[in-house]
Structure formats: C-alpha cells, structure tokens
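# The following block contains a protein sequence and its predicted model.
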4 protein chains.
Amino acid sequence: MNSAILLLSCRDKKGIVAKISDFIYRHKGNIEHADQHIDGETLFMRIQWALNKFDIADEKIILTLKPLIDEFKMEAALHFTKDLPRVGILVSRHVHCLYDLLLRHQEGQFKCTIPLIISNHQEARKIADYFSIKFVHAKSEVQAAAELKKENIEIAVLARYMQILSSKFVKKYKNRIINIHHSFLPAFAGGNPYEQAYAKGVKIIGATSHYVTAKLDDGPIIEQNTVRISHRDTLDDLKRKGKDLEKLVLSRALRWHLERKILVYSNKTVIFD
Amino acid sequence: MNSAILLLSCRDKKGIVAKISDFIYRHKGNIEHADQHIDGETLFMRIQWALNKFDIADEKIILTLKPLIDEFKMEAALHFTKDLPRVGILVSRHVHCLYDLLLRHQEGQFKCTIPLIISNHQEARKIADYFSIKFVHAKSEVQAAAELKKENIEIAVLARYMQILSSKFVKKYKNRIINIHHSFLPAFAGGNPYEQAYAKGVKIIGATSHYVTAKLDDGPIIEQNTVRISHRDTLDDLKRKGKDLEKLVLSRALRWHLERKILVYSNKTVIFD
Amino acid sequence: MNSAILLLSCRDKKGIVAKISDFIYRHKGNIEHADQHIDGETLFMRIQWALNKFDIADEKIILTLKPLIDEFKMEAALHFTKDLPRVGILVSRHVHCLYDLLLRHQEGQFKCTIPLIISNHQEARKIADYFSIKFVHAKSEVQAAAELKKENIEIAVLARYMQILSSKFVKKYKNRIINIHHSFLPAFAGGNPYEQAYAKGVKIIGATSHYVTAKLDDGPIIEQNTVRISHRDTLDDLKRKGKDLEKLVLSRALRWHLERKILVYSNKTVIFD
Amino acid sequence: MNSAILLLSCRDKKGIVAKISDFIYRHKGNIEHADQHIDGETLFMRIQWALNKFDIADEKIILTLKPLIDEFKMEAALHFTKDLPRVGILVSRHVHCLYDLLLRHQEGQFKCTIPLIISNHQEARKIADYFSIKFVHAKSEVQAAAELKKENIEIAVLARYMQILSSKFVKKYKNRIINIHHSFLPAFAGGNPYEQAYAKGVKIIGATSHYVTAKLDDGPIIEQNTVRISHRDTLDDLKRKGKDLEKLVLSRALRWHLERKILVYSNKTVIFD
C-alpha cells in the first residue's frame, strides 16, 4: 500500500486547507492523516493520503499540484511511503547508538535501508559484519563524503561521530544530517558535556538530536529527553544514564525524519507526531 | 474575537475533510486549527475557524451544516469561544485541588466562570469567600443536584469529592462530570488508593482524571500523570507527592474540556491538544 | 518529640562513622536516619537521632562533640527538629509561587514559620492579609534588608523576585537565600528565559532552584525539573507549563533546606533525601 | 580491589549501627557506603567496606559477625565485590531485552558472568553465538531447571520468557528470579498487557520488574517506569514504546541485584541506590 505525503509551508491565507483537501478528494485520494500548524503568519502542513484509487500517476502528482504551489508560494516536498531512503551511519568509538539503530531497524522501526557504516575507528567493523552492512574505515571527511556519494546516501546519521564536519559538507546535506549531542542543548555544547554537567552539579542531564548546521551543536533541535541524577551519581553513572537517553532521542529523530514528520523553519522544527 | 469549534465523529469516508474545509472557506471562515484522527473506521475531527468575516450568523451555522451532518451520519457539536461555560466545583475535606483550580482560574487558564462551590463539609467556605464564589453546604445528592440546576451549571468538577453519585445523576451530566482519582487507574480503584499503593510497594504512583460514569472509577480517562517514589517515602509522603499530581491532572482535564479538545468514544478519549 | 540533626563534612578517614555512631549510642540516642556520601576524598554525613532519652542537654551537645569535630577537622552544624526557622518570602508581580508556598505551609509541608512577605509591588498584599502575614512594600534592597533583620529572618526565599541582590546582601545570607530561576540552568540564565527557550526551539523546558551567590543565576543548584513542550506551545503555554515546574522545584528546595537535608560544597549540593 | 557488602534486617534497637560500624573500624575496614532504612520497627542496612587492610580473612568474616547477628536476631547476607555471580537468561521470541542485557554486559554495566541462554524458541540462538554464550533450546521446565543447575546459575533473568514457572521451581530460586512484565503492575497483570492498556484507553503505559513468586505477576516490585501515550498511538506504537521501558526497567533491576542493593520484606523491596 503506497501513500503520498505532502509537506508544505507558506504564508497563511484563507482556503489553503480547503483547496488541498479538495485536490485530493477530486482525484480519489483518501486522506489518512492531516496535520497543520500556524506559527504567527506561517502555515505548516503535513497531509498523507492513500494512492490505491488516486487517479494521478505518482510521478505526475507534483506537476499537477504546481498551480496550487505557485498560487500560495508554498515550499513543498512530496514523498511516497513505498520509497525507502538510503541511510548511512557515521560512528567513532562509542557504539551503543549504532547497535541501537541497527536493532531497531531489524525490528522494523525504521522505513529505510542502511547500506553503509562509516567510522574513523575499527570498533564498528564487527557490528557491521553481524548485520551484513558495508563498513568503511574513513580517516578523512573527503573519504567519507566520497563513500556517501558512491552509496547514494540520502540521510547521514552521526551516531556519536566525534568529528566536526566542514560547512561545505553540511551544506550538501542540508537538513539531512542528524546528530546526537550528549547534553541538554543549549547547555553544555561542545566537548565533554558529561564532564561539564558533573562539574556544574546539575540535577538532571539530557540528550539532544538536531540537524547539523555549520555552527557547532546549534542546528534545529528535533528531540530532547532528560533523566534525573543525584550527588550519588559519579561521572561514569552520568555517562551510563546518558547513553540510554542518547539511544531514545536519536532513534526518535531518525524515525520522525523517515516518516516525513519534520518541517524546519527559522532554526526550529515542527514535528507532526 | 469569536471562533467556532466543530467537534465531530463519523464513519470515515472519502471527502469529509474536503467538504468541511470547503464549507468554511466558501463562507469566508479562516481555519485556525484542524485536527483529525482515524481509529479503525471512525473519523474524529476538531476544526476551529475565525468568525470575524464568516457570512453565516452564529445561530444558523449548525442548521447550514445539517445536510453535511446528515450525509455522513455525523455526531457533531458546535461551540463558540466567546461562550463561557458555568462550572461548579464539588469538594469534601481536601481542598488542595479546589485552591489550585481557583488560582488557575484567577490567572486566566480556564475559559469559564465558576459561580458555585458545593461541599458536604465546611472547610471550603472560607476559600469560597476569598474568591467571592457562592458556597453551598449540601449534605445530600438531591440538594447538590438542585443547586447545580438552579445555578445552571454545565460542567461539574469533583475536586476530591468523596461521595458516590447515583447513576441517575451521572446520566444527566453525561461526559460533563470530571473526577480526579488519586491513583494510576485501573490500578487501585475505589477507596484509599495511596494506602493500597503503599501496601503493594509500587515504585511509581499516579493520578487520573476521567469522566464519571455509573461504574465507579471506570469512566473515559482524560489525563494521567505519575511520579517516582521509593521505600523511603512514607504513606504521608505518597499523599503529599500525589497531591501535586492530582492538581496537574485535574486542571489539565478541565482546561481541555473547556477548550473543547476532548471527544469520547467507546469509553476512551481523543484529546486534540 | 525532639531530634538532633548533625550535618558534617570532612576529609574521609577510617572510623568517622563508627565514632559518631558510638557517641550517639553511648549517650542513649537512637539513630533515626543516617546518610553518608563520599565524593573523592571528602565525606559528607547527615545523622538524625531521637533525644527523648539522650543524656546530654541540647545546648551542650555541640560542646561535647567538639573533640571529635577537631580530631577530624569537620565542618559541622547541629540542628533540632523542635526549632522552627523564620522564613521570609520576597516576591515581585508573579504570585503563583507565593500562593504555592503559603498553601503548602498551611498543609504542614514546611517546618518553619513565615512571618514576613516583602515585595517591590502591591499584588501580594491581599495574599499576605488572607494568610495573616506581615506585608512590607520595600522599594530598595536596604529597606528589604532592614526588614529581614528586624524580623529575625533566617532563610529568605525569592519566589520570583525580579531584583538583583548586591554581593554584600548575599554574603550575609550565605546558603540561606533560595531562588527559583525559570529555566533549566545553565541554559537561559538571565532575563526572559521563556522567551529565550521559545526562540531556541527546545523541546523541553525547565526550572531550577539554587542558593543565591554573587554571580547571577550561578549558585549551587538544589533542584531542577523539566517538562516536554512542542511546536504547538506558544510562549504563553511555556509560561503556564513553566509555572507548575517553578512551584514544584522551589517548594522542594525549601522543604529540603528546612529538613536540613542539604550540604553545599564546591558550588554543588548533596541532598540527603 | 575487593570489598565486603553486608545486607541485614532486624528489629530496630539502639546501638546496631554503632556496633556494626565499630566492628568494621576495629578490624581496619574503611566504610565505602552505608545506607539504612527504618520501616516501622524494622531496620534495614547495607554497609560496604574496603577489605585491603581488613584484618579478618574473607571466609571468616561471617563467623566473626555471628555474635552480633545473634544478639540482634538479624537476617544477614555477606557478599564480596570480587565475586561474579553466574546469570542465566531465559527468553522466548521477543529478543530486545536479551540484546539489551548482553550489550550492557559487554559495556561492563553488570558485575556478573552470563554463561547460559535458555529458550523455548530458536530466535535467540544466533544472538548467543554472536556473544559466544551457550544456548540451550529447552522445551520443558524440567529441562530448563536441569540446565540452570548444571551451569551453576545463581540468578535467572526472565527477559520476556512467556512460560509460567511452577511453584517448586520458584521456591528453589527465591528472590533470585527476576522477571520483566510489560505493564505498570498491579494494572494489567496476566497475558497481553499492551492489548489491555490499549482497550482501557490509559494515557500512560509502564513496565515492571519484580522477583518471581508462586503467584503470577505478584512478586516484590524492584523497578517500574512509565511513558506517555496518546490516542494517536496504535497498539503497535504501544508495543514499540513499551519495549524501551522494558529494557530500562529490567536492566536496572538486574544491576541493582548484582550490586547487592536490594532487600526484600513483606512482598516489597528496599533499594539502596
């Protein structure tokens, strides 16, 4: 069963919802989900409809929508649930998020394929083998970029990848690189966030997944979660508790991205969950 | 600024969203919020639109919608944001929820008036005075029912009201009596839930707000919340921690009800938050 | 029933716990609670014992402990549960925390008296009257300080007091001024934290209670709590949700302080809860 | 570095803490952690001390403590941190908890060895191979019991093991079988808890780990956790969200058990975390 997902944003005006709904109805689509959000004067919308009786061929839908898109000056993206995006995972030494993503993928939680794991270390090689995924030991960003291109990767997940990416690289994958930062951003950006949190004496720690932008740990936040700690927790306890947050937060962000539930605007996200 | 809120549920069919949206658009309404949910074959919808340029008079909207309602065999309810429902609060000896509701009302969190407080005890009298609300000491359900009727109360909130209501009373206010039960239902229904939780040795306690039905502590759940406890917490600690949950949970339930965000079906709720 | 509470910290050495326990036992005290924590080389201890059969008079206990305190170079403080500290509350325009503290006090959650409310505004006057507490409208810090002194206030609670205190004032009440900051510190210190959080697009907001030091919003953190938000939450929703956090967090901090459960060290806190 | 951990419970009397502390001090032990809890008239205590300079040999400590144990009629258990208990995992078809436990073990979170995985299905065989652990396909309880005995297993973890154990089996491993139940007990005991929760329309789901007793899903609760759901969550969403809870809750319970932090009394637990 294939469905279409239309993500759009534009200046809010009367009749947009009516016209989009009517377009789908007239062409025999059945709306499965419809969400909208208005932020000030901007309308955000996600609408998903079944295509089994839809009378426009998949590849012609966006063209047929063109007049509507132009009339309301929409930014629009169309996706199909039958398509499985190709996801590449980049990882350094800490492999807990990598394992977590691969096990969730195995359970069917992610609508994607994962054909590639890149690392600047060797720890992940054995894991890639177990899950029958190509492993590439890339020491430089140039090498990593070449592999992503070669494997036609649409989405890059930084699953505790301890390398800063160049703005050139980031631009190429705008809103398509998902990072996990092991703090409750904007607190404790940069290196060693658990050490920073421990020194500060906070009573709660967090993790944050966000799209990567040129500015370090500053891109649009997709998801965050927190857990309570106490003076009894050592730095190692913080790291252990934090790992569980990182896994939850990163996997949610990837799932929402794959289900086309995220819209980015002014360095923030709308999540139509 | 007045807006209309239409709550509806019906068997899901193609074109419902389109036809409702189109109705609003053609009559010059501007959609402010639209939420829908499909549960199996049933469609639930909440749609809110500005009335400032709408070309149908408030009192004629439901009539004009009649053909659509009939076509899709909808259950529909129409509300206006300018209307302030009259809320009555029933309370026994524990007054923390009462205080909480009145202070939130004073802060503007609830779109309603609160003209009446009924109690089978005297503790709340002083509070009613402070907030300039009529207080009635009602010893029987018959007396309470008469007061609610006399004051034209639309919604009754049981803010720790330790009296079981007759099914006759409950029927008259179907989905309009909101109760707070001080446990995580369905665990620990009935009397002394904190004592039950303490004896069982649970590690988390909860509170539940629900619409009252003829069956005790079994109506459609509106909201729940939980808090962690440990062996160090005495029964008094459970009661103290639980009070904070009760306040949060009951006030949310009332707010959602007043904002017409709740739809009830098969003893469950859809909350369009 | 009176009990003694001894709070101490010192360099960890063999025999401290044994010697303290033995002291209490020999003098016919019955230990009710004992907590200890070791952070690196520092030992922190809180020990509470019943005094009903204790064979040293209250006022002589600390003297009798002197040799032990000197032997281990302890920092030690002795409190008695029968003593009710005098707490003063300072507040500006937002009165939700003030109401919350006074209602909790009325319920018996705080072991203290509250003889004084100081404000640079008039909103709290009516509240002070309702709870029969002296209200002082103090426009300057000098005036506020004079009132605190006059009323012999031991602990000052800043319940949304929008005034920066001088370092002279702060020094006089070292670890005795408790503030509530309406963000998850160290994120969004300073003014307008909800506005900052909204602009940043975080998915969780928080509140922090801490002892006030000369550096703004930087003192030892006592308690924090967080709540999930989404893109649907307006700035007003953040403020409303945040208020509930502020109340929970500030009241917990005050309760722990009054129960002598907090030890401060290197700008952090040990909470023996 | 080896340490001793003494877990004890007895009727509370003056001098117990002092005498235990003194015993350790006199024999040149250094107390690393000491926790106590008084529930009514019962004292619970966990005390851990370094053995590097202790002047009693490990195997003679319990004997030397005998007079104290007898004097206060203590239930006492002595453990050594150098000992690694042998843990066996029993699992059926759902392998997420199994993976989670093995990965945490690999990360060093559990102080034990895991020499055996038993299943009434074949799904876990490949996983056992990957982690180089003996796998036994046991169709009957008799067969499982024989394997546990043969492998000298001290602690059995039911990581979603869908078989009811006989009371004979349970007695043999009293407070040594840890189960994960996929609901917030006591709500939704028995089969299909997610289906029950979905039908009831609860707004929060949970998971519970507990020691197994002869009565189904009724043993002493070790740990619980909850997560918020909404009407938008399908039954599959509940199961997916629940899996994350199950992993967190079961792994915590096992860790606390291995660190000898749990005391059981009157079907409840004291957790000295």
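Now that the structure is in, tell me what you want to look at.
# use CA for all of it now, contacts and neighbours both
Fine.
# Output the set of residues of the stretch 101-250 of chain A in proximity to chain B.
Residues of the stretch 101-250 of chain A lying close to chain B (Cα under 8 Å from any Cα of the partner chain): none.
# what ranges of the stretch 101-250 of chain A fall below the confidence cut-off?
Counting by pLDDT under 70, the stretch 101-250 of chain A shows no low-confidence range.
# the helices in the stretch 151-273 of chain A, which residues?
A:167-172, A:193-200, A:235-258 (DSSP state H, counting those that start in this stretch).
# Please identify the deepest-packed of the ones you listed.
Greatest average neighbour count among these goes to helix A:235-258 (a mean of 20), per mean count of other Cα atoms under 10 Å in any protein chain shown.
# Is it positioned near chain C?
No - against chain C, helix A:235-258 shows no contacts by Cα under 8 Å from any Cα, the least distance being 11.1 Å.
# got the contact list for A:Lys174?
Taking Cα atoms under 8 Å, 6 or more residues apart in numbering or on different chains, we find A:Lys174 in contact with A:Val212, A:Thr213.
# Spell out the residue ranges of the strands in chain A.
A:3-11, A:30-39, A:42-50, A:75-80, A:86-91, A:113-119, A:134-137, A:155-158, A:177-181, A:204-211, A:221-228, A:262-265, A:268-271 (DSSP state E).
# Can you lay out the ones you listed as TSV showing mean neighbour count and distance to C:Val136?
TSV is the format used below for the strands of chain A (neighbours: other Cα atoms under 10 Å in any protein chain shown; distance: least, Cα to Cα, whole Å):
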stretch	mean neighbour count	distance to C:Val136
strand A:3-11	20	51
strand A:30-39	20	43
strand A:42-50	21	47
strand A:75-80	16	57
strand A:86-91	24	60
strand A:113-119	22	65
strand A:134-137	17	70
strand A:155-158	24	57
strand A:177-181	26	48
strand A:204-211	26	36
strand A:221-228	23	38
strand A:262-265	17	48
strand A:268-271	22	44
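# among the ones you listed, which is nearest B:Lys149?
strand A:30-39 (39.5 Å; Cα to Cα).
# what about the nearest residue to A:Ala144 once chain neighbours are set aside, how many neighbours?
Closest residue to A:Ala144 apart from its sequence neighbours, by Cα to Cα, 6 or more residues apart in numbering or on different chains: A:Ala138 at 5.6 Å. A:Ala138 has 19 neighbours, counted by other Cα atoms under 10 Å in any protein chain shown.
# What distance do you get for A:Ala138 to chain B?
45 Å (Cα to the nearest Cα, to the nearest Å).
# Show me which residues of chain A sit near chain D.
A:Tyr130, A:Asp244, A:Leu248.
# Looking at those, which is nearest B:Tyr194?
Distances from B:Tyr194 to these, taken by Cα to Cα, are shortest for A:Asp244, at 30.9 Å.
# Run through the residues that contact that closest one.
A:Asp244 neighbours (Cα under 8 Å, 6+ apart): D:Leu248.
# The residue nearest to A:Gln196 when sequence neighbours are not counted - how many residues pack around it?
Closest residue in space to A:Gln196, ignoring its immediate chain neighbours: A:Phe188 at 6.3 Å, by Cα to Cα, 6+ apart. Neighbour count for A:Phe188, taken as other Cα under 10 Å: 21.
# Dihedrals phi and psi, A:Phe188?
With angles defined as degrees, to the nearest 10, A:Phe188 sits at phi 60, psi 50.
# My guess is it contacts A:Glu195. True?
No - applying Cα atoms under 8 Å, one finds A:Phe188 not in contact with A:Glu195, separated by 9.2 Å.
# Need the overlap of contacts for those two.
If you check A:Phe188 and A:Glu195 against Cα under 8 Å, 6+ apart, no residue is contacted by both.
# Alongside chain C, which residues does chain A contribute?
Close to chain C, as judged by Cα under 8 Å from any Cα, chain A has residues A:37, A:185-187, A:200-204, A:220-226, A:230-232, A:267-271.
# If we use 6 Å, what do you get?
A:Pro186, A:Ala187, A:Gly201, A:Lys203, A:Gln224, A:His231, A:Lys268, A:Val270 (Cα under 6 Å from any Cα of the partner chain).
# For these, name the two members farthest from one another.
Farthest-apart pair in these is A:His231 and A:Val270; separation 35.8 Å (Cα to Cα).
# What score does A:Lys13 have for pLDDT?
With respect to pLDDT, A:Lys13 scores 91.
# Pull the number of nearby residues for it.
By other Cα under 10 Å, neighbour count at A:Lys13 equals 13.
# Return the distance of it relative to A:Leu65.
17 Å (Cα to Cα, to the nearest Å).
# try A:Lys134
Taking Cα to Cα, one finds A:Lys134 at 39 Å from A:Leu65.
# Compute the number of surrounding residues for the residue of the stretch 51-200 of chain A found nearest chain B.
Nearest residue of the stretch 51-200 of chain A to chain B (Cα to the nearest Cα) works out as A:Lys53 at 11.0 Å. When counting by other Cα under 10 Å, one arrives at 10 neighbours for A:Lys53.
# That one and C:Arg11: what is the separation?
From A:Lys53 to C:Arg11 the distance is 77 Å (Cα to Cα).
# again with A:Ala124
For A:Ala124, the distance to C:Arg11 - Cα to Cα - is 44 Å.
# Where do the domain boundaries of chain A fall?
Domains of chain A are assigned by automatic domain parsing as A:3-80, A:86-271.
# Let me have those domains in CSV, extended by distance to B:Leu254.
Formatted as CSV, the domains of chain A follow (distance: least, Cα to Cα, whole Å):
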stretch, distance to B:Leu254
domain A:3-80, 23
domain A:86-271, 26
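# any idea how far stretch A:88-108 is from the chain center?
Distance of stretch A:88-108 from the chain centroid (Cα atoms, centre = their mean, to the nearest Å) equals 14 Å.
# what about it, how long is it end to end?
Using Cα to Cα, the two ends of stretch A:88-108 sit 17 Å apart.
# and if you look at stretch A:75-93?
39 Å.
# Not counting its own residues, what contacts it?
A:2-9, A:111-114, A:116-121, A:153-162 (Cα atoms under 6 Å, 6 or more residues apart in numbering or on different chains).
# tell me the mean pLDDT over it?
97.
# Just list the residues touching the residue lying closest to A:Glu32 once chain neighbours are set aside, thanks.
Of all residues not flanking A:Glu32 in the chain, A:Trp49 sits nearest, at 5.0 Å (Cα to Cα, 6+ apart). By Cα under 6 Å, 6+ apart, the residues touching A:Trp49 are A:Ser3, A:Ala4, A:Gly29, A:Asn30, A:Ile31, A:Glu32.
# Kindly provide the distance from A:Trp49 to B:Ile222.
Taking Cα to Cα, one finds A:Trp49 at 29 Å from B:Ile222.
# just A:Ala253 next, same as before
28 Å.
# Then A:Lys243?
33 Å.
# how close does A:Ala128 get to A:Tyr99?
9 Å.
# What is the end-to-end distance of stretch A:82-102?
Using Cα to Cα, the two ends of stretch A:82-102 sit 20 Å apart.
# That stretch: which residues count as buried?
A:85-92, A:94-102 (16 or more other Cα atoms under 10 Å in any protein chain shown).
# Span of stretch A:265-273 from start to end?
Stretch A:265-273: ends 17 Å apart by Cα to Cα.
# from the middle of its chain, how far away would it be?
Worked out by Cα atoms, centre = their mean, stretch A:265-273 lies 11 Å from the chain centre.
# Cheers, nothing more for now.
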